[in-house]
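S.K.: I would like the atomic coordinates for the input below:
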Amino acid sequence: MDSVQNQSTSITKISAKKTTSQSIANQAKELIIKRDDVSGVRGVNTDQELLVAIMVPQIDRLQLKTIEKNVKKALKKEFPEYKIQVSTDQKIFLELDILEKNLENGKTGEKGLKKEIGNIKSLMKEEA
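M.R.: This next block holds a predicted model:
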């Protein structure tokens, strides 16, 4: 597991050798973390979906919806074939962090990934 440090920001690259390749999520995280208004990013993907949670610095908290919309727009442009969901909710960020670690450690396979993504999507609907 490689952690990429950029100033005070971090992302975790998930190994692509696991059950479901996370290369799309890794590419998305690399794209997002370059933004000044994002301090952390977590994300996972299936063959059709991409779920991303972003951490926004305290100073930019008033712009949450705008930042979320801009990140989603950039991801849709980069990955038009994926159904994309973006969240700024800290709970979603933590859930995706756990799922990333489970994928990396081989604790979550294809079936578990889809189930967890379903659970996280339900949480995202509650937040909206």
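
S.K.: residue 90: how many residues sit nearby?
M.R.: 11 (other Cβ atoms under 10 Å). Quick note: C-beta positions are derived from backbone N, CA and C, even for glycine.

S.K.: and it, how far from residue 42?
M.R.: Counting by Cβ to Cβ, to the nearest Å, the separation of residue 90 from residue 42 is 11 Å.

S.K.: quick one, helices of this protein?
M.R.: Assigned helices in the chain, in chain order: 23-33, 64-78, 90-104, 110-127 (criterion: DSSP state H).

S.K.: so which of those helices is the most surrounded?
M.R.: Of these, the one with the most neighbours on average (mean count of other Cβ atoms under 10 Å) is helix 23-33, at a mean of 21.

S.K.: for it, what is the distance to the chain centroid?
M.R.: 8 Å (Cα atoms, centre = their mean, to the nearest Å).

S.K.: helix 64-78 and that helix, what's the angle between them?
M.R.: Counting by axes from the mean of the first three to the mean of the last three Cα atoms, to 10 degrees, helix 23-33 lies at 130 degrees to helix 64-78.
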